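> pasting the sequence and the predicted model now:
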Amino acid sequence: MILIDESEAAFQARLIDYALSRGWEWMHIGRTGKYTANGAKGTLGTGWPDLTLVRGTRLIFAELKSQRAPMTGEAQRQVLLILGDVAEVYIWRPSDWPMILDVLS
């Protein structure tokens, strides 16, 4: 199902529902990206992707965008490049739904 005018929040909810039905565990990081450990600022927080998905030995980081939202900013591109060295990384929009079904099946 491709819903071109779907909001990012609705798209995320639909994706999470599907991921859960396929046995994925998940975590959503909010918009602020301000996470600290022992009072120190992390270097990855600002660009951390929306969803972390884990099933078995697979680890996926997914940045979600509405169909018309602008592309990811430079800080986020850098984080996605770093994460891409150790896990699967995707930038998904509602029009990517057929690929999402394949990746998460």
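Structure's in. What do you need?
> only C-alpha atoms for contact and neighbour calcs from this point on.
Fine.
> how about the helix or strand containing residue 100: buried residues?
Element membership for residue 100 (DSSP states H and E) is helix 97-104. Neighbour-count burial for helix 97-104, with 16 or more other Cα atoms under 10 Å as criterion, is recorded at 97, 100, 104.
> redo those residues as TSV? Include pLDDT and distance to residue 54.
Rendered in TSV, the data for the buried residues of helix 97-104 read as follows (pLDDT from 0 to 100; distance: Cα to Cα, whole Å):
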residue	pLDDT	distance to residue 54
97	95	19
100	98	14
104	98	10
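> so which elements touch the helix holding residue 100?
Using 3 or more Cα pairs under 8 Å, 6 or more residues apart in numbering; DSSP states H and E as the contact definition, helix 97-104 packs against no other helix or strand.
> try 10 Å
Using 3 or more Cα pairs under 10 Å, 6 or more residues apart in numbering; DSSP states H and E as the contact criterion, the elements in contact with helix 97-104 are helix 8-21, strand 88-92.
> residue 49 is nearest to which of these?
Closest to residue 49 of those, according to Cα to Cα: strand 88-92, at 8.7 Å.
> how about residues contacting that closest one?
Under the contact criterion Cα atoms under 10 Å, 6 or more residues apart in numbering, strand 88-92 has outside partners 11-12, 15, 49-53, 58-67, 71-72, 80-84, 99-100, 103.
> what's the PyMOL syntax to select whichever of those residues are buried?
If you want just the buried ones from the contacts of strand 88-92 in PyMOL, going by 16+ other Cα under 10 Å, the selection is:
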select buried, resi 11+12+15+49+50+51+52+53+59+60+61+62+63+64+65+66+67+72+80+83+100
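> okay, and which of the contacts of strand 88-92 map to helices?
For these, membership in helices holds for 11-12, 15, 80-84, 99-100, 103, with DSSP state H as the criterion.
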